[in-house]
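Enquirer: quick check, what structure comes out for this input:
(2 chains)
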Amino acid sequence: MTGFSLPIQVIDLPGGKIWLVEDHSVPVVSLSWSWRGGAAPEPPGQEGATSLMAAMLGEGAGDLPARNFADALRDDAINLGFDGQRDGFEGSLRALRDALPAALRLARLAMVEPRFDNDAFERVRARALAGARQSLETPRGQASRAFWAGAYPTHSAGRPTGGTPESIAALTIPLLREAHDRQLRATGMLIGVSGAIDAASLRSMIPALFAGLPEGAPAEGPELPAFEHFPRRVVPMAFPQSTILFGQPGLAVDDPDWEAAQIMLRILGGGGFSSRLMQAVRVERGLTYGVSAGLDVLFGQAIISGGLATENGKVGEALDVIQAEWRRMSETGPTEAERDDAIAYLTGSQPLQFTDSRRISSTLLALQRNNRPLDWLSARPDRLNAISNAQLAALSKRMLKPDGLAVVVAGQPTGL
Amino acid sequence: MTRRAALASAAAAVAAPPLARHAAAFTPPPGERPLFGARIWSLPNGMRVAFAPSRRIPVIMQYMFYGAGGGEDPQGISGVAHYMEHMMFKGSRNVPNGALSQRVAREGGNDNAFTSRDVTAYYQQVEASRLALVMGMEADRFAFPLFPADDMEPERLVVLEERRQRTDANPRALFREEFQAALWGRQHWHGRPIIGWPDEIRAIRHADLLAFHERWYAPANAVLVIAGDAEEGELTRLVEQHYGGVAARPAQARDRPAPPAAPPERRLVTRSRAITEATYLRSWVAPSLTWGDADHAWALEVLAHLLGSGQGSLMHEALIETGLATSANAGFDADNVGAGEFSISAIARRGTAPEALEAATDAVIARLLQGGAEPERVARSIRQITAGALLALDGIGAAPRLIGNALASGLPIETVEFWPARIRAVTPEQVTAAARAVLAAPRDCVGWLLPETA
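Expert: Numbers count the residues shown, from 1 in each chain, chains lettered A, B, ... in the order given. Purely as a prediction, here's the structure:
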């Protein structure tokens, strides 16, 4: 049995590699590219600089002030975006085939000659500030902030990637230029492309996209420390429902048990109705609208994290049920039928990752970021099918920590 | 951004007769190609079927639309259509409770459902060879749903948690809900939340669901949309095999009362401890493709872009570039069943007095009404709204959502297949006329959600 994957072409360039899935059925092309870095190398007090710098790249470049730059994109329906992430920096572009040359010109201009005009900066910083404050208006936002701060108290991963209201207020245009210089470099980028374009055209077009960036690779931050277990935290908020986030250490993306972990966590807390958590918490007890748990990858490491929202009076019961399911999986592992179903899902759903060009290009990028071989997807069903239930049970016992779940509750929980 | 441009959710509906008069009046220009090129046919039992082929990848989507949504909830028991959607997953004659989702997952697929004001839709996405499997299960719950009484109470708890998660624990969502009630009335179909008022969700009885199903889930009120990689002859045969046997029942017309002559409240000011950023809303009762002067509907989509679509729009210039606000938007969807709504919103920058933001917004509107829409701005908006129409072909989800929503809402397929031509036909005079007809009328409500300290 082989997995569904469109043929991936690899194009070598001086600065890096491109993975391409060529498909001319729709006149659209998507590109995704990324460097390591992101928020990680930000000096203390400058949290959010990379994220704000990313937002400013779309606010005027070259001889095009913000309004003209926006019109140049929107007149031709070009989607261009930059995203400062916790461990990387990503650019993405989607355009109709006819608009691709213009799109690449504008993308280069944004990366190489951003204007950082003062009026645009004031506007974008005010929006970021409002956004940072607004994100804390809900239990979800407060719980997330507390969870990451608890798990990584001494590392940038523990702070909001977009910055705090205090750090954003202190950002200046020179600090954004520093962030730009740290991040946008002529080497170290990974590129995924999908759509109506062939390898030869790409080979001739892509070097121009990055032409003019300074030599060298981007700065990287300190290494990610181990996930730190912390005692249960409650963030008091006056709402009738609490948001609960929970997590524990996971495994590295290059761990030999990576695929086994995918199977086991699909069974425990994967999407949809079929997981043990969804059955136990929602279907059997009506305690929540949705609950899930899975791997969250940062800096090449994955942690296991999950969440749900439940009425304040039921927080204790929901946590008990989750912990019990964690323990049951840890002690006995999945059943044969659960293993078969999960593998059937993971292999059968592969074509669904290839339905649109943006999805394909970001899949190609993620594969490269995780350092996967070219045949990772096509060989995946064989890898999954080779994993026995005994392996899954051993992994569950080794990895799951029912008594070591870090928990944050935002709301007015009772009965804890 | 318009619904079509966002290629997102669903909307619109009403029975055929009044709509034919309104929306079908448009003939696409010669040589204009349909966006999706969908084929549409009907079964003898009245069910309509649409097929939008896409052969990029061996994946198929099945969408089952019913022409009934939160707008069809009986008086005083809001939330029935949505509760019904949940209970449709509780088994049918040949598919045990919960088995549909499990089988779809076992085949590597995804499934879900949604309820809008105008439609309820159930969908699955699977590898192409699994189409017969999902058709068989969807047809079974169409014809023979079980609605087990024992599942009513556990599922009611889930719905109440869903409501808390979406609304009660979200101060902005809660305010939007109250704002809608202020503009339309708490018991008007447009003023009630789709998920339902909490006390009314608690009051829904098993019999209410059965009655709702009996009235609305009839083949004549259903639209099946298949999108993706299928062979047309085989597809036609499968549709007939699975859905042809669902017994025909007479279709019922929707009852969508007109909006109140004047909004119950013209101004709603709420202070909340949870809120950090002062937020301004204003909405007007507006025509749609199915209600009122439908000629205005497309022009209002252009007006929304011209007024509040980011860089270059009037509100961006007057509110954001002046430092009064951090965001400013305008919105309108033409493909609504019954009366529509034109809305604007802004978030005040710290230090901006609400009165100053409101006055600046009023001034933008007053200038627009007095001087009319500038032809260059209209041309630019039309270009930017339509430039990306073909992007809807990138992916297979947009076609079934747009097509199913339009057909289940009683709108002609041309509103989907030729929407760019329809937008391009809008003139500056029409935008001005639509603005004057809607924004100058006292059928609006202003809302402010303020931090407790402001």
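Enquirer: going forward, measure contacts and count neighbours with C-alpha atoms only.
Expert: Fine.
Enquirer: can you list contacts of stretch A:396-406?
Expert: By Cα atoms under 8 Å, 6 or more residues apart in numbering or on different chains, the surrounding residues in contact with stretch A:396-406 are A:151, A:229-232, A:246-250, A:264, A:323-324, A:326-327, A:329-333.
Enquirer: return the distance of that stretch from the chain's centre.
Expert: 23 Å (Cα atoms, centre = their mean, to the nearest Å).
Enquirer: which positions in that stretch come out as buried?
Expert: A:396, A:397, A:399, A:400, A:401, A:402, A:405, A:406 (16 or more other Cα atoms under 10 Å in any protein chain shown).
Enquirer: just to revisit the earlier point, helices - which of the contacts of stretch A:396-406 land there?
Expert: A:151, A:264, A:323, A:324, A:326, A:327, A:329, A:330, A:331, A:332 (DSSP state H).
Enquirer: and these, which are buried?
Expert: A:151, A:264, A:323, A:324, A:326, A:327, A:329, A:330, A:331.
Enquirer: just the closest of these to chain B, please.
Expert: residue A:264 (15.0 Å; Cα to the nearest Cα).
Enquirer: how many neighbouring residues does the closest residue to the closest one other than its chain neighbours have?
Expert: Excluding the flanking residues, the one nearest residue A:264 by Cα to Cα, 6 or more residues apart in numbering or on different chains is residue A:392, at 6.4 Å. Residues lying near residue A:392 (other Cα atoms under 10 Å in any protein chain shown) number 25.
Enquirer: contacting residues for residue A:392?
Expert: Contacts of residue A:392 by Cα under 8 Å, 6+ apart are A:260, A:261, A:263, A:264, A:333, A:334.
Enquirer: pull the residues that contact the strand or helix carrying residue A:100.
Expert: Applying DSSP states H and E as the criterion places residue A:100 in helix A:100-112. If you take Cα under 8 Å, 6+ apart as the criterion, helix A:100-112 is touched by A:29, A:57-58, A:60-62, A:73, A:78, A:80, A:93, A:95, A:184, A:208-213.
Enquirer: stretch A:186-196 vs chain B: in contact?
Expert: No - judged by Cα under 8 Å from any Cα of the partner chain, stretch A:186-196 stays clear of chain B, getting no closer than 9.1 Å.
Enquirer: chain center to that stretch, what's the gap?
Expert: With Cα atoms, centre = their mean, you get 17 Å for stretch A:186-196.
Enquirer: between the two ends of it, how far is it?
Expert: Terminal residues of stretch A:186-196 lie 26 Å apart, using Cα to Cα, to the nearest Å.
Enquirer: which residues of chain A score low on pLDDT?
Expert: Judged by pLDDT under 70, chain A has its weakly predicted residues at A:1-3, A:5.
Enquirer: one more pass at 50, please.
Expert: Counting by pLDDT under 50, the ranges of chain A that qualify are A:1.
Enquirer: the domain parsing of it - what is it?
Expert: Under the assignment automatic domain parsing, the domains of chain A span A:9-210, A:233-411.
Enquirer: for the stretch 351-454 of chain B, what lies in contact range of chain A?
Expert: Counting by Cα under 8 Å from any Cα, the stretch 351-454 of chain B sits next to chain A at B:380, B:383, B:384, B:387, B:388, B:390, B:391, B:393, B:394, B:395, B:396.
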